[in-house]
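# Generate coordinates for the sequence data below:
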Amino acid sequence: MIANEKINKLATAVGFVSIGVILFKVLSIVIGKALDILATPAPKKIFVKATEQETADKLEGCPKFDPKKLEGARDTVYMWDPSTFDYLGETKTNTAEEVRAIVARGREAQKEWKNSSFATRKLLLRTMLKFITENQETCAKVAVRESGKTFLDALIGEVLVTCEKLVWLCDHGEKYLKREYRETGRMMMMKKVYVDYIPLGVIGAIVPWNYPFHNVFNPVSAALFSGNAIVIKVSEFASWSIRYYKSIIDECLKAVGAPTDLVQFVVGYGATGSALVTSGVDKVIFVGSPGVGAIVAKTAADNLTPVVLELGGKDPFVVCDDADVQSIIQTACRGVWQNMGQNCAGPERFFVYEKVYDEFCAGVTKVVKEMQIGPSLGNPFVDCGAICMGPKQMLHYQRLVDDAVAKGAKLLAGGFIPDKDHPLSKGSFYPPTILADIPESAIIAQEEIFGPIMAIFKVKGNSDAEAVRMANNCDFALSSCAFSGNAERAKKIASQLVAGMSAVNDLEGSTYMSQSLPFGGCKKSGYDRFAGPEGLRGLCLVRSVCEDRFPAIRNSIPPPMQYPATGVGHLFAQGLIRMFYSTDLMGHLQGLLTVIKYSIVKGAKKEKQV
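Numbers count the residues shown, from 1 in each chain. Take a look at the predicted model:
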């Protein structure tokens, strides 16, 4: 009893110490930020007028859009709210000639911007940050009307992560782009060497529709901070929101005296994207499907234009038999139904061990049965929003569900397209769906869902090796996560999952909240990276430079190695190699003596060739 009391007291003391350490760290960060703010010029205050479409919760008397217009559309981009089918307008696609002209204007603007100071670039991003934090409601509302997601999903998935990106660039970006001195090596002691990160010029970005706000400000912030201009081809399903977002960017650029042509947009379909890739941009960032990504890579290859490909994933979510299932259920549900599963990095395959399988299935099903689906503007109780791409995408979901059920899977929730008499038919809605007991032969085990379907696979025998095998039995490899009551076990499993990113006892998307980490995958999920130092430096020409350490002392070719040949140059070179690279002291000394000898002794007189 006394021993237990001592243990409890010790645990309490440790708890207080831990809390104290955390509070001290938080206080240190707050004080540090306060000092930084005092020493940094205040961000500019800008004003952007939003329209009624961009601010209203409901649009009264708005005509409704017929999704059938999307069939065969090529010259016109239609803009509509997936939650209500409210028609928001239309615009003409950009021609190849227009795209080239836009890129040319960006290149002219970049000639000035590439010489801007890091202080100016930080001021620009902090001006953006100030506007976004002060106008986060409108920024999120525009994303909601564009994509159909919930207001909460827009705040945490769009606004919050964008703020984190801007803060990381301001706090840490400069040190990764400044001149970096490197070791000279043994033979170059009289030199100094370094790497410069030179802005590439004009970046071309082709971005999807799932995060209309973040998919704009993410590449824009990185491109501008690295000294580049950028032209963004937005999705045909996310072309309405760029009026407001472009206005924000323009005003921020004006506030720091930068040309607004640094950031420009083009709209259209595949032809417009192809025109951007072949327009002479210096690098292409593509986020989309593997099929289109392969076309982009082939098109870019004609001019050897470098490409970043982020092509989606089917992230595995492993739940071990010793995991605290009840603590994981909300995490699993948020992972699937955040943004209605329309996420590049999001759990699509749940590998749940036999021992906790029934508990997990029952837990997530209970949550789904209580979720509310519908338009979210003006209703904070809506859990699930709309499907951005409309009826065609929902047919894709239904095909996956029907195939899985036909092959033996159990439908625990959802799994249907609302008919015309259903309340959800007034928008582009597919109910949150749970499939259990899915066989590995089902199409859904391999094809990307990109939607509100939780696919659960049973790991028989509670085997870690079997879970890893099942998780890696996929052509996608973007991100991953593993959960266990034993952190080391979870870490070991996560380390064996083939993916560009992984999280231990947390949702795999948590890696993106640390903007110091690069984002990207392998296999069919693409290659190269954006975000982090790797992504930032990827927007630069990495230039290696060597120069004299002391200008008055310059290297010259040693006499034994000069033209015409002296006949002893090879002996002198052998001495150099021994002197600098021998693995023992005697070898160094022998090499030194050889170098001295053949620096003094002249070579044999060379006979003239007849």
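
# ok, residues contacting stretch 149-163?
For stretch 149-163, the external contacting residues (Cβ atoms under 8 Å, 6 or more residues apart in numbering) are 129, 132-133, 136, 139-141, 143-144, 147, 211-214, 217-218, 221, 338-340, 342, 376-377, 380, 382-386, 388, 512-513. For every residue, glycine as well, the C-beta is placed using N, CA and C.

# distance between it and the chain's centre?
Centroid separation for stretch 149-163 versus its chain: 15 Å, with Cα atoms, centre = their mean, to the nearest Å.

# tell me which residues of it are tucked away?
Residues of stretch 149-163 classed as buried by neighbour count (16 or more other Cβ atoms under 10 Å): 149-155, 157-163.

# Could you pull out the helices in the stretch 401-550 of the chain for me?
Counting by DSSP state H, counting those that start in this stretch, the stretch 401-550 of the chain has helices at residues 464-472, 487-496, 532-537.

# Quick one: those as CSV, columns for distance to E508 too.
Shown next, in CSV, are those (distance: least, Cβ to Cβ, whole Å):
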stretch, distance to E508
helix 464-472, 11
helix 487-496, 9
helix 532-537, 16
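
# and S525, which of those helices is closest to it?
helix 464-472 (12.9 Å; Cβ to Cβ).

# what packs against the closest one?
Helices and strands touching helix 464-472, by 3 or more Cβ pairs under 8 Å, 6 or more residues apart in numbering; DSSP states H and E, are strand 315-319, strand 347-353, strand 453-459, helix 487-496.

# got the contact list for the last one?
To tie it back to what came earlier, the one meant is helix 487-496. With Cβ under 8 Å, 6+ apart, helix 487-496 has contacts from 318, 320, 322, 464, 467-468, 472, 480-484, 502-505.

# again, but for the first one
Contacts of strand 315-319 from elsewhere in the structure, counted by Cβ under 8 Å, 6+ apart, are 325, 328, 332, 335, 345-353, 356, 360, 459, 467, 470-471, 474, 476, 478-483, 493-494, 497, 499, 508.

# about what we covered before: out of the contacts of helix 487-496, which is nearest to G257?
Using Cβ to Cβ, A503 comes nearest to G257 of those, at 41.7 Å.

# Can you flag the buried ones in the contacts of helix 487-496?
318, 320, 464, 467-468, 480-484, 502-505.

# Go through these and say which is closest to L311.
Closest to L311, out of all of those and judged by Cβ to Cβ, is S480, at 15.8 Å.

# isn't the closest one right up against A499?
Yes - counting by Cβ atoms under 8 Å, S480 touches A499, with 4.1 Å between them.

# the strands in the stretch 151-300 of the chain, which residues?
180-182, 191-199, 202-206, 229-233, 263-266, 283-287 (DSSP state E, counting those that start in this stretch).

# And for the first one, what's in contact with it?
When you say that, I think you mean strand 180-182. By Cβ under 8 Å, 6+ apart, the list of residues contacting strand 180-182 reads K192, V193, Y194, V195, Y197.

# The last one and I203, how far apart?
Distance, Y197 to I203, by Cβ to Cβ, to the nearest Å: 14 Å.

# Which of the two has more residues huddled nearby?
I203 (27 against 20; other Cβ atoms under 10 Å).

# pretty sure R100 is touching G280, no?
Yes - the pair R100 and G280 passes the contact test of Cβ under 8 Å, sitting 7.3 Å apart.

# So which helix or strand of this structure has the lowest pLDDT on average?
Taking mean pLDDT, DSSP states H and E as the measure, the helix or strand of the chain with the lowest value is helix 2-39, at a mean of 63.

# Give the next helix or strand downstream of it.
helix 52-55 (DSSP states H and E).

# Which neighbouring elements make contact with that next one?
Counting by 3+ Cβ pairs under 8 Å, 6+ apart, helix 52-55 packs on helix 136-147.

# how distant is the helix it packs on from the center of its chain?
With Cα atoms, centre = their mean, you get 20 Å for helix 136-147.

# Run through who's touching that helix.
For helix 136-147, the surrounding residues in contact (Cβ under 8 Å, 6+ apart) are 50, 53-55, 81-83, 86, 88, 132, 149-151, 154-155, 158-159, 209-213, 237-238, 240-241, 244-245, 248, 339, 342, 376-377, 385-386, 388.

# got the buried residues for that helix?
Those would be Q136, T138, C139, A140, K141, V142, A143, V144, R145, E146, S147, for helix 136-147 by 16+ other Cβ under 10 Å.

# circling back to that earlier point, state the pair within the contacts of helix 487-496 that is farthest apart.
Most distant of the contacts of helix 487-496, by Cβ to Cβ, are D322 and N472, 21.5 Å apart.

# Residues in a beta bridge with Y87, which ones?
For Y87, the beta-bridge partners are W80 (DSSP bridges).

# thought it was touching P63?
Yes - if you go by Cβ under 8 Å, Y87 and P63 touch, sitting 4.6 Å apart.

# give the contact list for V281.
Counted by Cβ under 8 Å, 6+ apart, V281 has contacts V103, G201, V202, I203, G204, V231, T305.

# Out of the residues you listed, who's the most crowded?
G204 (31 neighbours).

# quick one: the helices in the stretch 251-400 of the chain?
Using DSSP H, counting those that start in this stretch, helices in the stretch 251-400 of the chain cover 270-277, 290-301, 325-337, 354-369, 391-406.

# Deepest-packed of the ones you listed, please.
Across the helices of the stretch 251-400 of the chain, the average number of neighbours (mean count of other Cβ atoms under 10 Å) peaks for helix 270-277, which reaches a mean of 21.

# tell me the angle it makes with strand 283-287.
Counting by axes from the mean of the first three to the mean of the last three Cα atoms, to 10 degrees, helix 270-277 lies at 150 degrees to strand 283-287.

# so helix 270-277 versus strand 229-233, what angle?
If you take the same axes, to 10 degrees, helix 270-277 sits at 170 degrees to strand 229-233.

# hmm, who's touching helix 270-277?
Under Cβ under 8 Å, 6+ apart, the answer for helix 270-277 is 74, 93-96, 99-100, 103, 204, 206, 231, 233, 266, 284, 292, 295-296, 299-300, 305.

# ends of stretch 483-500, how far apart?
18 Å (Cα to Cα, to the nearest Å).

# what do you get for stretch 52-65?
18 Å.

# and it, which residues are buried?
Q53, E54, L59, C62, F65.

# which two from these end up farthest apart in space?
Applying Cβ to Cβ across the buried residues of stretch 52-65, the maximum distance is between E54 and F65, 17.4 Å.
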